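Enquirer: quick check, what structure comes out for this input:
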Amino acid sequence: MLKKGFTLLELIIVIGIIAILGTVSVLVLNPAQLFAQARDTTRLSDLDTLKSAISLYLSSVASPSLAGGAGFTCGTNWGSSYASTVTKKFLGASGTIAHAGLFTIDGTGWAPVNLSAITGGSPIGILPRDPTNTDTYNYQYSCNSTNLTFELDAKMESTRYANGGSDDKESTDGGDVTAEYETGTALNL
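Expert: Sure thing, here's the model as predicted:
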(Lines give C-alpha, C1' and ligand atoms only; values in the text may rest on other atoms or scores of the structure.)
Protein backbone atom coordinates (compact mmCIF):
# COMPACT_ATOMS: atom_id res chain seq x y z
CA MET A 1 0.00 0.00 0.00
CA LEU A 2 1.43 3.33 -1.16
CA LYS A 3 0.62 6.41 0.91
CA LYS A 4 0.56 9.76 -0.86
CA GLY A 5 1.29 13.01 0.94
CA PHE A 6 3.97 15.42 2.04
CA THR A 7 6.72 14.61 4.48
CA LEU A 8 7.31 16.81 7.49
CA LEU A 9 10.54 18.08 5.94
CA GLU A 10 8.77 19.12 2.74
CA LEU A 11 6.12 21.03 4.72
CA ILE A 12 8.77 22.85 6.78
CA ILE A 13 10.63 23.87 3.61
CA VAL A 14 7.44 25.22 1.98
CA ILE A 15 6.45 27.15 5.13
CA GLY A 16 9.99 28.60 5.30
CA ILE A 17 9.83 29.75 1.68
CA ILE A 18 6.42 31.37 2.23
CA ALA A 19 7.73 33.18 5.33
CA ILE A 20 10.76 34.49 3.43
CA LEU A 21 8.58 35.70 0.52
CA GLY A 22 6.17 37.38 2.93
CA THR A 23 8.97 39.17 4.76
CA VAL A 24 10.58 40.33 1.52
CA SER A 25 7.20 41.59 0.24
CA VAL A 26 6.58 43.64 3.38
CA LEU A 27 10.07 45.12 3.25
CA VAL A 28 9.90 45.97 -0.45
CA LEU A 29 6.34 47.29 -0.54
CA ASN A 30 6.50 49.12 2.81
CA PRO A 31 2.78 49.38 3.61
CA ALA A 32 3.28 52.42 5.85
CA GLN A 33 4.68 54.39 2.89
CA LEU A 34 1.88 53.15 0.62
CA PHE A 35 -0.71 54.43 3.10
CA ALA A 36 1.18 57.75 3.40
CA GLN A 37 1.22 58.05 -0.41
CA ALA A 38 -2.53 57.40 -0.51
CA ARG A 39 -3.13 60.16 2.07
CA ASP A 40 -0.90 62.52 0.07
CA THR A 41 -2.87 61.76 -3.09
CA THR A 42 -6.04 62.64 -1.19
CA ARG A 43 -4.43 65.91 -0.06
CA LEU A 44 -3.49 66.83 -3.63
CA SER A 45 -7.00 66.02 -4.87
CA ASP A 46 -8.74 67.88 -2.01
CA LEU A 47 -6.73 71.07 -2.51
CA ASP A 48 -7.20 70.95 -6.29
CA THR A 49 -10.97 70.60 -5.83
CA LEU A 50 -11.08 73.46 -3.31
CA LYS A 51 -8.91 75.65 -5.56
CA SER A 52 -11.37 75.08 -8.42
CA ALA A 53 -14.34 75.87 -6.17
CA ILE A 54 -12.79 79.14 -4.92
CA SER A 55 -11.82 80.11 -8.48
CA LEU A 56 -15.41 79.49 -9.61
CA TYR A 57 -16.60 81.63 -6.68
CA LEU A 58 -14.27 84.48 -7.69
CA SER A 59 -15.42 84.39 -11.30
CA SER A 60 -19.16 84.06 -10.67
CA VAL A 61 -19.96 86.23 -7.62
CA ALA A 62 -20.48 89.96 -8.21
CA SER A 63 -18.63 91.18 -5.08
CA PRO A 64 -16.48 88.31 -3.84
CA SER A 65 -14.84 88.29 -0.41
CA LEU A 66 -12.07 85.89 0.52
CA ALA A 67 -12.39 86.68 4.24
CA GLY A 68 -15.98 85.98 5.15
CA GLY A 69 -15.34 84.29 8.48
CA ALA A 70 -15.70 85.87 11.89
CA GLY A 71 -12.30 87.01 13.14
CA PHE A 72 -10.52 86.37 9.85
CA THR A 73 -8.61 89.07 7.97
CA CYS A 74 -6.76 88.42 4.72
CA GLY A 75 -3.05 89.10 5.04
CA THR A 76 -3.19 89.02 8.83
CA ASN A 77 -4.04 85.43 9.66
CA TRP A 78 -4.67 82.07 8.04
CA GLY A 79 -7.24 79.35 8.50
CA SER A 80 -6.46 75.74 9.33
CA SER A 81 -8.54 72.57 9.01
CA TYR A 82 -7.05 71.31 12.29
CA ALA A 83 -8.97 72.10 15.44
CA SER A 84 -9.45 70.93 18.97
CA THR A 85 -12.76 69.26 19.71
CA VAL A 86 -14.12 72.48 21.20
CA THR A 87 -13.09 75.50 19.16
CA LYS A 88 -11.03 76.47 16.16
CA LYS A 89 -8.98 79.63 16.28
CA PHE A 90 -7.85 81.48 13.24
CA LEU A 91 -4.13 81.59 13.89
CA GLY A 92 -3.06 85.05 14.93
CA ALA A 93 -6.62 86.17 15.69
CA SER A 94 -8.72 86.13 18.82
CA GLY A 95 -11.96 85.11 17.10
CA THR A 96 -13.12 81.53 17.43
CA ILE A 97 -15.76 79.49 15.65
CA ALA A 98 -17.48 76.35 16.83
CA HIS A 99 -15.84 73.10 15.76
CA ALA A 100 -19.11 71.98 14.17
CA GLY A 101 -18.84 74.88 11.70
CA LEU A 102 -15.20 74.28 10.82
CA PHE A 103 -16.00 72.61 7.49
CA THR A 104 -18.99 74.68 6.38
CA ILE A 105 -18.99 76.40 2.98
CA ASP A 106 -20.96 79.48 4.08
CA GLY A 107 -17.89 81.64 4.76
CA THR A 108 -17.46 80.62 8.40
CA GLY A 109 -15.35 77.49 7.90
CA TRP A 110 -11.56 77.14 7.99
CA ALA A 111 -11.40 78.58 4.45
CA PRO A 112 -13.75 81.54 5.01
CA VAL A 113 -15.10 81.83 1.46
CA ASN A 114 -18.87 81.79 1.01
CA LEU A 115 -19.04 79.09 -1.66
CA SER A 116 -22.81 78.83 -1.16
CA ALA A 117 -23.11 82.24 -2.87
CA ILE A 118 -22.14 80.71 -6.23
CA THR A 119 -24.99 80.89 -8.72
CA GLY A 120 -26.34 77.38 -9.12
CA GLY A 121 -24.88 76.27 -5.79
CA SER A 122 -21.52 75.28 -4.46
CA PRO A 123 -19.53 72.61 -6.31
CA ILE A 124 -18.62 71.08 -2.92
CA GLY A 125 -20.86 70.29 0.02
CA ILE A 126 -18.29 70.79 2.80
CA LEU A 127 -14.72 72.01 3.10
CA PRO A 128 -12.24 69.13 2.90
CA ARG A 129 -10.55 67.69 5.96
CA ASP A 130 -6.95 66.47 5.87
CA PRO A 131 -6.81 62.63 6.08
CA THR A 132 -4.95 62.75 9.40
CA ASN A 133 -5.86 66.34 10.38
CA THR A 134 -3.26 66.81 13.10
CA ASP A 135 -1.16 69.76 14.16
CA THR A 136 1.50 68.64 11.64
CA TYR A 137 -0.71 67.49 8.75
CA ASN A 138 -3.63 69.83 8.01
CA TYR A 139 -4.92 72.13 5.30
CA GLN A 140 -4.20 75.85 5.51
CA TYR A 141 -5.73 78.88 3.80
CA SER A 142 -4.46 82.43 3.37
CA CYS A 143 -5.56 85.28 1.13
CA ASN A 144 -5.05 88.82 -0.14
CA SER A 145 -8.35 90.72 -0.24
CA THR A 146 -6.97 93.59 -2.35
CA ASN A 147 -5.83 91.38 -5.22
CA LEU A 148 -8.46 88.67 -4.58
CA THR A 149 -5.77 85.99 -4.48
CA PHE A 150 -5.50 82.97 -2.20
CA GLU A 151 -3.20 80.12 -1.26
CA LEU A 152 -3.97 76.61 -0.01
CA ASP A 153 -1.24 74.59 1.72
CA ALA A 154 -0.65 71.04 2.93
CA LYS A 155 2.40 69.18 4.19
CA MET A 156 3.14 65.94 2.34
CA GLU A 157 3.67 62.85 4.47
CA SER A 158 5.23 60.25 2.17
CA THR A 159 8.85 60.17 1.09
CA ARG A 160 7.64 60.06 -2.51
CA TYR A 161 5.74 63.39 -2.52
CA ALA A 162 7.70 65.27 0.17
CA ASN A 163 10.54 67.67 -0.54
CA GLY A 164 13.34 65.71 -2.23
CA GLY A 165 11.17 62.66 -2.97
CA SER A 166 10.94 60.89 -6.30
CA ASP A 167 7.71 62.76 -7.16
CA ASP A 168 8.40 65.91 -5.10
CA LYS A 169 5.28 68.09 -4.87
CA GLU A 170 6.47 70.45 -2.14
CA SER A 171 9.55 72.15 -3.63
CA THR A 172 8.39 71.97 -7.27
CA ASP A 173 4.98 73.64 -6.90
CA GLY A 174 6.27 77.18 -7.53
CA GLY A 175 5.55 78.35 -3.99
CA ASP A 176 7.86 80.08 -1.53
CA VAL A 177 7.90 77.30 1.10
CA THR A 178 9.80 74.19 0.03
CA ALA A 179 8.48 72.03 2.88
CA GLU A 180 4.77 72.42 1.98
CA TYR A 181 2.63 71.83 -1.08
CA GLU A 182 1.16 75.18 -2.14
CA THR A 183 -1.59 75.82 -4.67
CA GLY A 184 -3.89 78.72 -5.45
CA THR A 185 -3.63 81.99 -7.34
CA ALA A 186 -0.72 83.47 -5.35
CA LEU A 187 1.83 81.08 -3.87
CA ASN A 188 3.66 83.58 -1.67
CA LEU A 189 1.00 84.54 0.89
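
Enquirer: which helix or strand in this protein has the lowest average pLDDT?
Expert: The least trusted helix or strand in the chain, going by mean pLDDT, DSSP states H and E, turns out to be strand 87-89, with a mean of 40.

Enquirer: please verify my assumption that E180 contacts K169.
Expert: No: between E180 and K169 no contact is recorded; they are 9.5 Å apart, counting by CB atoms under 8 Å. C-betas here are computed from N, CA, C, even on glycine.

Enquirer: quick one: low-confidence parts of this structure?
Expert: 1-2, 69-70, 83-101 (pLDDT under 70).

Enquirer: show me the biggest helix of it in terms of residues.
Expert: In the chain, taking DSSP state H as the definition, the longest helix is helix 31-60.

Enquirer: check which element follows that one along the chain.
Expert: strand 79-80 (DSSP states H and E).

Enquirer: just checking, what packs against that next one?
Expert: Helices and strands touching strand 79-80, as assessed by 3 or more CB pairs under 8 Å, 6 or more residues apart in numbering; DSSP states H and E, comprise strand 140-144.

Enquirer: buried residues, the strand it packs on. List them.
Expert: Buried positions in strand 140-144, judged by neighbour count with 16 or more other CB atoms under 10 Å: Q140, Y141, S142, C143, N144.

Enquirer: can you check stretch 140-159 too?
Expert: Neighbour-count burial for stretch 140-159, counted by 16+ other CB under 10 Å, picks out 140-144, 149-159.

Enquirer: sounds good, over and out.
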